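Below are the sequence and a predicted model; questions follow.
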Amino acid sequence: MPDKEIEEVRKEKIEELLRKQKDPKMEAKKFANAIIECDEHKNFIKCNEELQKNQTAQNLLREFQQKQMELQWYGFDPKTLEELRDLQMKINKNVTIQNFINAQQELIDILRRTNNIISGKIGTQFAFSQGGGFCG
Amino acid sequence: MDKDYLNHPAIIKAKELADALIQSKAFREKNMEKLQSLIIQCNQIIVETTKINYGAVCQPRSGCCG
């Protein structure tokens, strides 16, 4: 095969490869949409809405956080600790809160798995944190 | 990996995203600065679309509320 022809074939192959090459930002968008559409995310949204609507659960969580802060700010106090344990037991028995915690954990689990896959393939940490918690 | 997750849509798309990153010019040329910038842009797209702080969630040291 003449050199000119070889060069043409090479060019065509490169162009074909470039055409097939996927844009990482487009793939990131598709990946994000797959997260939104997955069962774990839908369940998390549902459980979060139920938690927001449930006043008893909201009060329990607020009280628990308040007692935690009291312990942190004023130091160890057996009475506060006992109240905290009592609240923890009530939280453990509250179906709405437990459903939310389980749904959140399932979603976190799938997100961490996706990060492990991408990080493993590219050989560097993919998930980039700018601080904050679950919801930013 | 657990068998249940092999066909999970988010796992499939994560693999495709990883492949796209590997095919990127920055990765092929081992330009870590450009690759890092691309990774940050991808993370931003994920956060904007899902409203989940993906980076914070995936860092083992972080809790659910920051």
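Perfect, thanks for sending it.

drop to CA atoms for contacts and neighbour counts, all remaining ones
OK.

Show me what the helix or strand in which B:G55 is found is packed against.
Under the criterion of DSSP states H and E, B:G55 resides in helix B:54-58. Judged by 3 or more C-alpha pairs under 8 Å, 6 or more residues apart in numbering or on different chains; DSSP states H and E, helix B:54-58 is in contact with helix A:95-122, helix B:32-50.

could you redo the last one with a cut-off of 6 Å?
Packing partners of helix B:54-58 (3 or more C-alpha pairs under 6 Å, 6 or more residues apart in numbering or on different chains; DSSP states H and E): none among the helices and strands.

how about that helix as PDB, C-alpha atoms only?
The C-alpha coordinates for helix B:54-58 follow below in PDB (Å, rounded to 0.1, in the frame of the first residue of the first chain):
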ATOM      1  CA  TYR B  54     -21.300  14.200  46.200                       C
ATOM      2  CA  GLY B  55     -17.800  15.000  47.300                       C
ATOM      3  CA  ALA B  56     -18.600  15.300  50.900                       C
ATOM      4  CA  VAL B  57     -20.800  12.200  50.900                       C
ATOM      5  CA  CYS B  58     -18.100  10.100  49.300                       C
END
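
in it, what counts as buried?
Neighbour-count burial for helix B:54-58, counted by 16 or more other C-alpha atoms under 10 Å in any protein chain shown, picks out B:54-58.

residues in contact with the residue nearest the centre of chain B?
Nearest to the geometric centre of chain B sits B:N43, at 6.2 Å (C-alpha atoms, centre = their mean). Listed by C-alpha atoms under 6 Å, 6 or more residues apart in numbering or on different chains, the contact set of B:N43 is empty.

now A:T96
Applying C-alpha under 6 Å, 6+ apart, we find A:T96 in contact with A:L51.

Does A:K22 touch B:A20 like I think?
Yes: the pair A:K22 and B:A20 passes the contact test of C-alpha atoms under 6 Å, sitting 5.2 Å apart.

Could you check how far the helix holding B:G55 is from the centre of its chain?
Taking C-alpha atoms, centre = their mean, to the nearest Å, one finds the center of helix B:54-58 at 10 Å from the center of the full chain.

again, but for stretch A:38-45
Centroid separation between stretch A:38-45 and its chain, computed with C-alpha atoms, centre = their mean, is 11 Å.

how about it as CSV, C-alpha atoms only?
Output of stretch A:38-45 as CSV, limited to C-alpha atoms (Å, rounded to 0.1, in the frame of the first residue of the first chain):
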residue,chain,number,x,y,z
CYS,A,38,-32.4,5.5,40.9
ASP,A,39,-34.7,3.8,43.5
GLU,A,40,-32.3,4.7,46.4
HIS,A,41,-32.7,8.4,45.6
LYS,A,42,-36.4,8.3,45.1
ASN,A,43,-36.8,6.5,48.4
PHE,A,44,-34.6,9.0,50.1
ILE,A,45,-36.7,11.9,48.8
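
sorry, back to before: ok, the buried residues of helix B:54-58 vs chain A, which is closest?
Using C-alpha to the nearest C-alpha, B:G55 comes nearest to chain A of the buried residues of helix B:54-58, at 4.0 Å.

was I right about the closest one contacting A:F128?
Yes: in terms of C-alpha under 6 Å, B:G55 counts as a neighbour of A:F128; the distance is 4.4 Å.
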